[in-house]
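Trainee: Predicted model and sequence follow; I will ask about them next.
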Amino acid sequence: MSALPNQAIAPAASPEAERLSDLSPQQWRSGIAAWLGWLFDGLDMHLYTLVATPFVAELLGGLDQRDAAVGRTGSIVQAGFLVGWALGGGFFGRVGDRIGRTRALNVTILTYALFTGLSFFAQTWWQLLVCRFLAALGIGGEWAVGAALISETWPRRWRPWMAAVLQSAVNVGVVLAMVAGFLLSGFPPRTVFLVGVLPAFLVVWIRRAVPEPEEWHAARSAAAESSPGVADLFRGDVRRTTILTTVVCSLSLTAHWAFLYWYLQHLRNHPDVGPWTDAEKTAFCSQAMILVMVASIFGNFLAAFFARSLGYRRSIAFLFIAYFAAMLAAYATPLPEARLFWMLAPIGVCQGVFGLFTMYLPPLFPTLLRTTGAGFCYNIGRLAAAAGTIVFGLFSQVGDHRLALLYAAWLFLPAAAVAWLLPEPPDEIAAHRR
C-alpha cells in the first residue's frame with residue numbers, strides 16, 4: 001500500500017493553527033457544512049424510532065401496539081434502514097473519493113431529505129421500508145464524506161475536539177427530532193417525517209460556498225488514472241487496519257443500535273406506561289431521547305478529552321467497557337419507569353465513543369481511499385447492526401424488550417478487546433515524532 005501516490009500528499013489543513021481566528025474562510029465553511037450535514041443526519045435518522053410502534057401498527061391495519069407483529073415488522077423496517085445506511089456509506093464513500101467531498105455531500109443530503117419526506121405518504125409497511133432504506137443511503141454516505149472533509153481541512157491536533165463537535169451535531173439533530181415529535185404528538189405519527197425535508201435547503205448554500213479540499217485535488221491529480229480501488233483495502237499494511245476496524249465497528253454498532261432502537265420500544269411498552277395515551281407515550285419517549293442526547297453531547301467531549309490524553313484505541317476500549325456496565329445496570333433487572341428513565345443518562349455519556357470514529361477512521365487510510373476505507377469499515381458494522389436489530393428482537397418479550405437490550409450489551413466486551421489492537425493515525429504519530 002505504500003506505493004499509493006496519495007500517501008505523500010501534505011494535508012491542506014493548517015496544523016500550526018492555535019486559535020479559531022487562525023482558520024481560513026474555507027476551513028470555516030467546510031466545518032459548518034459538515035456540522036449542519038451531521039445535524040440533519042441526526043434529525044432524519046431518528047424520526048422513525050420516535051414513532052415506530054404507532055406508525056407500524058397503523059400500517060398493519062390498526063393492530064394493537066403490543067401485538068408481536070408490530071415489533072417484528074418495526075424491527076424489519078429498522079434493519080432495512082441500517083442496511084441502506086451501510087450500503088450508502090460504502091457507495092457514497094467511493095463516490096466521494098472519485099468526484100470530491102463537496103459534490104458527494106450535496107447528493108447525500110438531497111437523498112436523505114427527499115426520502116425521509118416521502119415516508120409521510122407510505123400506505124403499507126413495505127413502502128415505509130423502501131423510503132427508509134433509500135433515505136439511509138444518503139445518511140450513511142454523509143457520514144463518510146463529511147468526516148473526510150473535516151479531516152482534510154482542519155488541523156490534526158484538533159481532531160478529537162472536532163469529532164466531539166461533529167457528533168454533537170448529530171445529538172442536536174436528534175434533540176430537534178424529539179422536539180418535533182413532542183410538538184407534533186397530537187398529530188398522526190406520520191407527520192414527523194415532513195420535518196425531514198428541511199435539509200434539502202442546505203444544499204443550495206453548500207454548492208455556492210464550500211470548495212473541494214486542496215488535499216483531495218492534489219491527490220487526485222497525482223493519481224491520474226491509477227486511483228486505488230476497494231481491493232486495496234485488503235493489501236499491504238492497510239489490510240490489518242481494515243480487518244480490525246471492521247470487527248470493532250461490527251460488534252459495537254450492533255450493540256449500540258440495538259439500544260437506540262429497542263430502548264424506546266421498551267419505554268413505550270413498560271408496564272408503568274401501559275395505561276397512558278399514545279400522545280403521552282410519544283411525549284415521554286421524546287423526553288427520554290432528549291435526556292440521552294444531552295448526556296451524549298457531554299460524552300462526546302469527555303471522549304475527546306480521553307483521546308487527547310490516552311490516545312484513540314485506549315479511549316475506545318475504555319468507553320466500550322463503560323457502555324457495557326451502564327447497560328447492565330439499566331437492564332439486568334426490571335426497574336420502575338422513573339428509575340429507568342434516569343439510568344439512561346450514563347448510557348448516553350458512553351455513546352461519546354462513537355464520536356471518536358469520526359476523526360479517527362479517515363486518517364487511517366490513504367487520501368484516495370479515505371472515504372472508501374472509513375465508509376467500508378464503519379458500514380460493514382451497520383450491516384451487522386441491521387441483523388442484530390432483528391436477532392435481538394427475537395429475545396424480546398411482548399411488552400418488554402429488556403432482554404434484547406441486556407443481551408446486546410455483552411457485545412461491547414469483545415469490541416473493547418479488539419479495539420485495544422487498533423493503531424493510532426499514522427499522520428499523528430509522525431507529527432508527534434517531529
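Mentor: Thanks, I have it. Numbering: from 1, shown residues only.

Trainee: going forward, measure contacts between C-alpha atoms and count neighbours the same way
Mentor: Noted.

Trainee: Scan the chain for its longest helix.
Mentor: In the chain, assigned by DSSP state H, the helix with the most residues is helix 25-59.

Trainee: OK, contacts around T124?
Mentor: Contacts for T124 (C-alpha atoms under 8 Å, 6 or more residues apart in numbering) come out as L59, L60.

Trainee: returning to that earlier point: okay, buried residues for the helix or strand following the longest helix of the chain please.
Mentor: Remark: after helix 25-59, the chain's next helix or strand is helix 68-99, criterion DSSP states H and E. Using 16 or more other C-alpha atoms under 10 Å as the test for burial, helix 68-99 gives 69-98.

Trainee: what is the rounded mean pLDDT of the helix or strand following helix 68-99?
Mentor: Scanning forward in sequence from helix 68-99 by DSSP H and E, the next helix or strand is helix 101-118. Averaged across helix 101-118, the pLDDT comes to 89.

Trainee: quick revisit: can you check what angle separates the longest helix of the chain from helix 68-99?
Mentor: 160 degrees (axes from the mean of the first three to the mean of the last three C-alpha atoms, to 10 degrees).

Trainee: which of the residues in helix 25-59 are buried?
Mentor: For helix 25-59, a neighbour-count test (16+ other C-alpha under 10 Å) marks 26-59 as buried.

Trainee: do stretch 328-341 as well
Mentor: Residues of stretch 328-341 classed as buried by neighbour count (16+ other C-alpha under 10 Å): L328, A329, A330, Y331, L340, F341.

Trainee: just for the stretch 301-434 of the chain, where's the confidence low?
Mentor: 389-390, 392-400, 427-434 (pLDDT under 70).

Trainee: can you give me the helices in it?
Mentor: Taking DSSP state H, counting those that start in this stretch as the criterion, the stretch 301-434 of the chain carries its helices at 312-331, 337-350, 353-360, 370-393, 402-409, 412-419, 426-433.

Trainee: now for the longest one, which elements pack on it?
Mentor: Translated: helix 370-393. Where contact means 3 or more C-alpha pairs under 8 Å, 6 or more residues apart in numbering; DSSP states H and E, helix 370-393 is packed against helix 68-99, helix 125-153, helix 238-268, helix 402-409.

Trainee: Run a quick neighbour tally on R208.
Mentor: By the criterion of other C-alpha atoms under 10 Å, R208 has 8 neighbours.

Trainee: again, but for the one 10 residues further on
Mentor: For A218, the number of neighbouring residues by other C-alpha under 10 Å comes to 16.

Trainee: same thing with R66?
Mentor: Neighbourhood size, R66 [other C-alpha under 10 Å]: 18.

Trainee: Let's see the pLDDT reported for it.
Mentor: pLDDT, R66: 76.

Trainee: Please verify my assumption that it contacts H270.
Mentor: No - using C-alpha atoms under 8 Å as the test, R66 is too far from H270 to be in contact (10.5 Å).

Trainee: my read: G93 touches G141, true?
Mentor: Yes - counting by C-alpha under 8 Å, G93 touches G141, with 6.1 Å between them.
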